[in-house]
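In: I would like the atomic coordinates for the input below:
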Amino acid sequence: MTPKQSGARGELLDRLGRLVRIESPSRDADASERMASQLSEWWQGAGATVSLETTDAGISLVADLEGEGDPLLLVGHSDTVWPRGTLEGDVRWSVDGDIVRGPGVYDMKSGLLVMLAAAERLRDRPRRSVRVVVVCDEEIGSPTTQALLRRCAEGVSGVIGFESPHPDGALKVGRRGSTRLRIEVQGRASHAALDPGSGIAAVDELVDQLLRVRQIVADPALPSEVLCNVGTIAGGGRANVVPAQAHAEIGLRFVDAVTERRVLAALAALAPVRSGAVVETRILSSRPAWRASDEDRAFVAQIAAAGRALGQEVDARPASGAGDTNLLGSLGLPTVDGFGPRGGGAHAVTEHASLASLAERIDLLEALLADVP
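Out: Model prediction:
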């Protein structure tokens with residue numbers, strides 16, 4: 001390793017450590033502000049025009065770098081799944097050779113540095129125009145920032161997401177749609193022995209509704225498979241009281257938009273089985289299905305060509321998990337995701353990233369942005 005390479009690695013590690021030490025769980029306003037402030041300082045130093053947008057979930061950053069052609073949109077997020085205090089517990093910051101560990105180091109604070117470092121290298125060189133958006137609430141479904149993502153996508157030539165790649169480093173092109181919804185049942189309480197007939201059992205009604213959900217998602221007439229997970233069920237309070245309330249939260253995953261529309265419409269139309277019961281389906285968050293298009297595959301081919309010039313092999317395939325690129329890819333924009341470095345353990349105590357892969361991703365993005373139209 002040359003002194004220059006050693007210095008660059010040291011600066012990357014220092015910056016990554018700074019970001020990881022800002023423990024930034026979703027909806028933590030103070031942590032979100034600290035992340036936005038640090039990223040804003042670095043992006044302004046790279047020559048970008050920076051603006052910040054505040055929502056109930058925190059602060060998101062938008063940075064624009066002038067260059068040639070319509071901008072590429074680079075997408076990331078500043079929040080993590082980890083609560084404050086994790087750094088002193090199960091997921092401590094550490095560096096062991098090529099492997100760096102810490103809460104959010106893989107998902108996705110290392111990805112944020114790929115964008116920044118590549119842009120800094122091109123500070124005084126010809127480059128493509130770039131727009132960066134770093135949202136504050138991706139880990140909870142981006143409920144407050146989807147409008148911002150749509151605005152940032154106006155007029156762009158393509159989209160790159162900096163989430164983690166497949167385990168072998170392959171990019172992600174196409175993602176399952178993800179919807180989280182809540183089924184709420186209102187019944188009527190009564191004594192379970194003395195006056196059971198005047199009650200409306202909300203828990204029993206919920207059980208019947210969940211059986212109906214299973215029928216809807218398993219309909220063989222649907223174009224593609226639906227993954228359905230009933231994550232939580234709650235209701236009632238005492239065994240001698242007919243329960244008046246019950247609810248369940250459900251996670252759904254869709255391959256294509258047609259299946260998504262049919263299933264969500266059927267769930268929205270759920271009707272009570274018991275007279276007098278009230279059933280309501282409420283969507284908590286929703287990311288549309290993004291099925292890879294010819295334009296997406298052409299974008300991958302462009303990135304792969306840049307990689308070959310560097311001696312890197314670039315592959316891409318669909319992913320099961322959802323992210324902000326679901327929305328952007330579903331709009332018909334040429335989109336790829338997974339441009340963060342290799343590693344593993346997202347959302348787990350084994351979370352880690354590879355420094356060598358981080359450097360490779362920076363090289364690849366630099367080559368892509370230097371390939372001006």
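In: same for the one helix or strand S37 maps to, what does it pack against?
Out: Secondary-structure assignment from DSSP states H and E places S37 in helix 29-45. Helix 29-45 sits against helix 3-21, strand 49-55, strand 58-65, helix 110-121, strand 128-135, with contacts defined as 3 or more Cβ pairs under 8 Å, 6 or more residues apart in numbering; DSSP states H and E. From N, CA and C alone the C-beta is placed, and that goes for glycine too.
In: could you rerun that using 6 Å?
Out: Applying 3 or more Cβ pairs under 6 Å, 6 or more residues apart in numbering; DSSP states H and E, one finds that helix 29-45 makes contact with strand 49-55, strand 58-65.
In: how far off strand 128-135 does that helix point, in degrees?
Out: 170 degrees (axes from the mean of the first three to the mean of the last three Cα atoms, to 10 degrees).
In: contacting residues around helix 29-45?
Out: Helix 29-45 is contacted by residues 22, 24, 50, 52, 58-59, 61, 63, 78, 116, 136 when judged by Cβ atoms under 6 Å, 6 or more residues apart in numbering.
In: likewise stretch 8-20?
Out: Applying Cβ under 6 Å, 6+ apart, the external contacts of stretch 8-20 come out as 93, 102, 104-105, 109, 113.
In: pull the CA atoms of the helix or strand containing R212 into PDB?
Out: Element membership for R212, per DSSP H and E: helix 202-217. What follows is helix 202-217, C-alpha atoms only, in PDB (Å, rounded to 0.1, in the frame of the first residue of the first chain):
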ATOM      1  CA  ALA A 202     -63.300  -8.900  18.300                       C
ATOM      2  CA  VAL A 203     -60.600 -11.600  18.700                       C
ATOM      3  CA  ASP A 204     -62.800 -14.300  17.000                       C
ATOM      4  CA  GLU A 205     -63.600 -11.800  14.200                       C
ATOM      5  CA  LEU A 206     -59.900 -11.100  13.700                       C
ATOM      6  CA  VAL A 207     -59.100 -14.800  13.500                       C
ATOM      7  CA  ASP A 208     -61.700 -15.200  10.700                       C
ATOM      8  CA  GLN A 209     -60.300 -12.100   8.900                       C
ATOM      9  CA  LEU A 210     -56.800 -13.600   9.000                       C
ATOM     10  CA  LEU A 211     -58.100 -16.800   7.500                       C
ATOM     11  CA  ARG A 212     -59.600 -14.600   4.700                       C
ATOM     12  CA  VAL A 213     -56.200 -12.900   4.300                       C
ATOM     13  CA  ARG A 214     -54.600 -16.300   3.800                       C
ATOM     14  CA  GLN A 215     -57.100 -17.100   1.000                       C
ATOM     15  CA  ILE A 216     -56.500 -13.800  -0.700                       C
ATOM     16  CA  VAL A 217     -52.700 -14.100  -0.800                       C
END
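In: what mean pLDDT does that helix get?
Out: Helix 202-217 carries an average pLDDT of 98.
In: buried stuff in that helix?
Out: By neighbour count on 16 or more other Cβ atoms under 10 Å, the buried set for helix 202-217 is 202-209, 212-213, 216-217.
In: same question, stretch 38-51
Out: So stretch 38-51, judged by 16+ other Cβ under 10 Å, has buried residues 38-40, 42-43, 46, 48, 50.
In: buried stuff in stretch 294-311?
Out: Across stretch 294-311, burial judged by 16+ other Cβ under 10 Å covers 296, 299-300, 302-304, 306-307.
In: now do stretch 164-176
Out: Of the residues in stretch 164-176, 164-165, 169-176 count as buried by neighbour count, 16+ other Cβ under 10 Å.
In: farthest-separated two in the residues you listed?
Out: For the buried residues of stretch 164-176, with distances taken as Cβ to Cβ, the pair at the greatest spread is G169 and R176 (20.5 Å).
In: per-residue confidence at the most centrally placed residue in the chain?
Out: By Cα atoms, centre = their mean, the chain has its centre lying nearest to G323, at 3.0 Å. pLDDT for G323: 95.
In: show me the shaky parts of the stretch 1-150 of the chain.
Out: Counting by pLDDT under 70, the stretch 1-150 of the chain contains low-confidence ranges at 1-7.
In: rounded mean pLDDT for the helix or strand R182 falls within, please.
Out: Here R182, judged by DSSP H and E, is contained in strand 177-186. Mean pLDDT, strand 177-186: 97.
In: ok, residues contacting that strand?
Out: Contacts for strand 177-186 (Cβ under 6 Å, 6+ apart): 202, 205-206, 209, 246-254, 260, 278-289, 322.
In: could you list which of those residues belong to helices?
Out: 202, 205-206, 209, 260 (DSSP state H).
In: what about the nearest residue to the residue nearest to the centre of the chain once chain neighbours are set aside, distance to L16?
Out: Of all residues not flanking G323 in the chain, E163 sits nearest, at 5.1 Å (Cβ to Cβ, 6 or more residues apart in numbering). Distance from E163 to L16, counting by Cβ to Cβ, to the nearest Å: 16 Å.
In: so which of the contacts of helix 29-45 comes closest to E154?
Out: For these, the nearest to E154 is A63 (15.8 Å; Cβ to Cβ).
In: before we move on, what SS does G197 have?
Out: With DSSP: H, G, I helix; E, B strand; the rest coil as the basis, G197 sits in helix.
In: next up, the contacts around it.
Out: G197 neighbours (Cβ under 6 Å, 6+ apart): none.
In: how far away is it from V242?
Out: 9 Å.
In: equivalent analysis for S293, please.
Out: Counting by Cβ to Cβ, the separation of S293 from V242 is 52 Å.
In: the more surrounded of the two?
Out: When S293 and V242 are compared for neighbours, V242 comes out ahead with 23 against 17, by other Cβ atoms under 10 Å.
In: run a quick neighbour tally on the residue lying closest to that one once chain neighbours are set aside.
Out: Among residues not flanking V242 along the chain, G199 sits closest, at 3.0 Å (Cβ to Cβ, 6+ apart). G199: 20 surrounding residues under other Cβ under 10 Å.
In: understood, closing this out.
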